[in-house]
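Student: structure, please.
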Amino acid sequence: MYWTVLVLAGLFEIAWAVGLKYTEGFTRLVPSVLTAGAMVVSIVLLAIATKKLPLGTAYAVWTGIGAVGAVTLGIVLFGESAQPLRLLCVGLIVIGIVGLKITA
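Tutor: Numbering: from 1, shown residues only. Next up, the predicted model:
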């Protein structure tokens, strides 16, 4: 159950990371409120996950999910670079996340 909570926390981290782009520096009300809400939910879920999961593992997985999701959505939504070396680096993050899950 705590791994599921951690994955949900990571998904909310993706939401707020992408949401930052839409807030335009927190000058747009609705995107700003939604982004702030996603931030709070993400942190609360991370805190719940750390009740049973090792802190370092939970934090690394949480940030890893957020990073991979933000890069992926940056490519899809904002036309950011998808050069092979960049994708390789994202793949290494995924391998790290899987490794932490296996060893936790």
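Student: in the longest helix anywhere in the chain, what's buried?
Tutor: Determined from DSSP state H, the single longest helix within the chain is helix 55-78. Neighbour counts over helix 55-78 (16 or more other Cβ atoms under 10 Å) mark 57-62, 64-74 as buried. C-betas here are computed from N, CA, C, even on glycine.
Student: other SSEs contacting it?
Tutor: Where contact means 3 or more Cβ pairs under 8 Å, 6 or more residues apart in numbering; DSSP states H and E, helix 55-78 is packed against helix 2-23, helix 29-49, helix 84-103.
Student: which helices and strands sit right next to the shortest one?
Tutor: The reference is to helix 84-103. Applying 3+ Cβ pairs under 8 Å, 6+ apart, one finds that helix 84-103 contacts helix 55-78.
Student: return the distance of the helix it packs on from the chain's centre.
Tutor: The chain centre lies 4 Å from the centre of helix 55-78; the measure is Cα atoms, centre = their mean, to the nearest Å.
Student: quick one: contacts of that helix?
Tutor: The contact list for helix 55-78, computed with Cβ atoms under 8 Å, 6 or more residues apart in numbering, reads 6-7, 9-11, 13-14, 17-18, 21, 42, 46, 49-50, 80-82, 86, 90, 93-94, 96-97, 100-101, 103-104.
Student: make a PyMOL selection of whichever of those turn out to be buried.
Tutor: With 16+ other Cβ under 10 Å as the criterion, this PyMOL line picks the buried residues out of these:
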select buried, resi 6+7+9+10+11+13+14+17+18+42+46+49+50+90+93+97+100
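Student: rewinding a little: in CSV, list the helices and strands packed on helix 55-78 along with mean pLDDT.
Tutor: Converted to CSV, the helices and strands packed on helix 55-78 look like this (pLDDT from 0 to 100):
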stretch, mean pLDDT
helix 2-23, 97
helix 29-49, 98
helix 84-103, 96
